[in-house]
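Novice: Predicted coordinates and the sequence they were generated for:
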Amino acid sequence: MQLSAHIQDWLQWVLVTSIPLRHLDEVGNPIGIASGCLVLSAGRKFILSARHAVKPESNGWAIELGYDSEKGTEMYWPKSFSYMAEMKKGSGIIDDVDFCFAEVAADLESTYAHRTPHSVSDVRPRHIFGIENFVEPSLTAIYAFAGEIKPEMHGPNSFATEMNVYPNLRFLRSEGLFHVFKLPVDHPGHKSFRGCSGAPIVDTERRVVALVSDGDETDGTIRGVAISRAVTALSWYRNVRGAA
């Protein structure tokens, strides 16, 4: 199928919406991967991701900033991640929200590059969203997300992943904290998405509606935690923490 120039440009943009996160052990070896997105809120910058990936009890999560031919992969370690939960009114039941965030340096930027064993190309800054780009999903829109998957160690100092874009998702319904999207093909299995947790699910207007959480192989769907939870959390954080 021939894609329009607008859709081709959009899919190229989707590539730079997802920020790679690395879980590193005490000597700097990668032991886990996830995704996130960078957001500006009231002049402050945050990284958003998924709670089930960047767990409250885990340490050593870093943001990949980019690749330097002399220095290798550059990383940034947020000071700490914050987590949220919701209580159903009158029930006394508290549910964890599959969402976390951390404030980062105001000048922090991350760079995308297509890397092979022999070359580096398509070097571009990764996208930074504004809080005004957070919206509710629509039944008529199409959606996509991107993420790095299939992590492999190629020797003691070489870590490789595969960057994928998953386009043409359709919004089906909302289920509590989550929005549910239909994949355009059969669900390929959870291994094909491992590393995408926390990636922004975006529309063709370049807005965010959810962060990737999990999926269902039986009905070919992906669930994303509603981005409206991030609006609530960041507003609370700014009020509690005050000035940066």
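Specialist: Perfect, I can see it now. Since we're looking at a predicted model, the values are computed, not measured. Numbering: from 1, shown residues only.
Novice: Could you report the separation of the nearest residue to residue 189 once chain neighbours are set aside from residue 186?
Specialist: Closest residue in space to residue 189, ignoring its immediate chain neighbours: residue 217 at 6.5 Å, by C-beta to C-beta, 6 or more residues apart in numbering. C-beta here means a position set from N, CA and C on the backbone, and glycine is covered the same way. Distance of residue 217 to residue 186, given as C-beta to C-beta, to the nearest Å: 8 Å.
Novice: where's stretch 227-244 relative to the chain centroid, distance-wise?
Specialist: When distances are taken as C-alpha atoms, centre = their mean, to the nearest Å, stretch 227-244 is centred 18 Å away from the chain's centroid.
Novice: what residue ranges in this protein are flagged as low confidence?
Specialist: Flagging of the chain using pLDDT under 70 yields the residue ranges 1-2, 69, 116-118, 150-161, 190, 242-244.
Novice: Identify the residues contacting the most centrally placed residue in the chain.
Specialist: The centroid of the chain falls nearest to residue 199 when counting by C-alpha atoms, centre = their mean (2.1 Å). The contact partners of residue 199, taken as C-beta atoms under 8 Å, 6 or more residues apart in numbering, are 17-18, 35-37, 145-147, 211-212.
Novice: what does residue 209 give?
Specialist: Residue 209 neighbours (C-beta under 8 Å, 6+ apart): 134-137, 143, 171, 179, 201-203, 224, 226-227.
Novice: Just give the closest residue to it, not the sequence neighbours.
Specialist: residue 137 (4.2 Å).
Novice: Residue 177 against residue 224, yeah?
Specialist: No: using C-beta atoms under 8 Å, residue 177 makes no contact with residue 224, being 9.8 Å away.
Novice: Which of these two has more residues huddled nearby?
Specialist: Taking neighbours as other C-beta atoms under 10 Å, residue 177 and residue 224 compare with residue 224 leading, 30 against 19.
Novice: Quickly find the element holding that one.
Specialist: In the assignment (DSSP states H and E), residue 224 maps to strand 221-226.
Novice: buried stuff in the next helix or strand along the chain from that strand?
Specialist: Next helix or strand after strand 221-226 toward the C-terminus (DSSP H and E): helix 228-241. Residues of helix 228-241 classed as buried by neighbour count (16 or more other C-beta atoms under 10 Å): 229-230, 233-234, 237-238.
Novice: so which of those residues comes closest to residue 92?
Specialist: residue 229 (20.3 Å; C-beta to C-beta).
Novice: roughly how far apart are the closest one and residue 235?
Specialist: From residue 229 to residue 235 the distance is 11 Å (C-beta to C-beta).
Novice: What of residue 225?
Specialist: For residue 225, the distance to residue 235 - C-beta to C-beta - is 17 Å.
Novice: tell me the SS of residue 65?
Specialist: For residue 65, the assignment made with DSSP: H, G, I helix; E, B strand; the rest coil gives strand.
Novice: tell me the contacts of it?
Specialist: 73-76, 108-111.
Novice: Put the buried members of these into a ChimeraX selection.
Specialist: This is the ChimeraX syntax for the buried subset of these, where burial follows 16+ other C-beta under 10 Å:
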select :73,75,108,110
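Novice: List the ones among the contacts of residue 65 that fall in strands.
Specialist: Taking DSSP state E as the definition of strands, the contacts of residue 65 contribute 73-76, 111.
Novice: pretty sure residue 182 is touching residue 172, no?
Specialist: Yes: between residue 182 and residue 172 a contact is recorded at 5.3 Å, counting by C-beta under 8 Å.
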